[in-house]
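**Student:** Using only what follows, build the 3D model:
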Amino acid sequence: MSHDFPQNSPAPTPSRANYGFVLFLAMSSGFIAYCCWAVDMDNVMLSKLGITYLPQIYWAVALPVHFLVTLALIGFVIYPGLNLMCNRDLDEQQEFPDIAPLYGPTSVPPLSNLPMVEVSKTLYL
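**Tutor:** Model (predicted):
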């Protein structure tokens, strides 16, 4: 059965299914090995299998904590910081405001015609 999907399509393909299944098996077996190492405090079960050299049990707790702290740092600090760096300054004029509409002295102009710096100062300062 041949599919004519574009090369960069996110549609499921047989090769993606194979890679996903292999990744699932690798992650499942890695998690089971991690749990065996973390639960076996005295290395009794693993020494019977011939595995005698293992890291300290401290790393069974430290590695997930380091991973979660790194993930939180990336998610809450680095990623928003990169997004803010990609934006332009608030006082740069990217759009020319429409000066054609005339409003009465008591009417409120739409937000799109207000300068962004003025809106930010009013809302956040």
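**Student:** Can you verify my assumption that Asp40 contacts Leu49?
**Tutor:** No - the pair Asp40 / Leu49 is not scored as a contact, 10.1 Å apart, by Cβ atoms under 8 Å. Yep, even glycine has a C-beta here, placed from its N, CA and C like the rest.
**Student:** And the pLDDT for Leu111?
**Tutor:** Leu111 is assigned a predicted lDDT (pLDDT) of 60.
**Student:** ok, now Leu102?
**Tutor:** 64.
**Student:** Who has more neighbours out of Asp40 and Leu49?
**Tutor:** When Asp40 and Leu49 are compared on other Cβ atoms under 10 Å, the one with more neighbours turns out to be Asp40, at 17 against 9.
**Student:** Could you list the low-confidence segments of this protein?
**Tutor:** Within the chain, the set of residues satisfying pLDDT under 70 comprises 1-7, 90-105, 109-113.
**Student:** cutoff 80 now
**Tutor:** 1-11, 41, 43, 87-116, 119, 125 (pLDDT under 80).
**Student:** Select the longest helix from it.
**Tutor:** Of all segments of type helix in the chain, defined using DSSP state H, the longest is helix 14-39.
**Student:** distance between it and the chain's centre?
**Tutor:** Counting by Cα atoms, centre = their mean, to the nearest Å, helix 14-39 is centred 21 Å from the centre of its parent chain.
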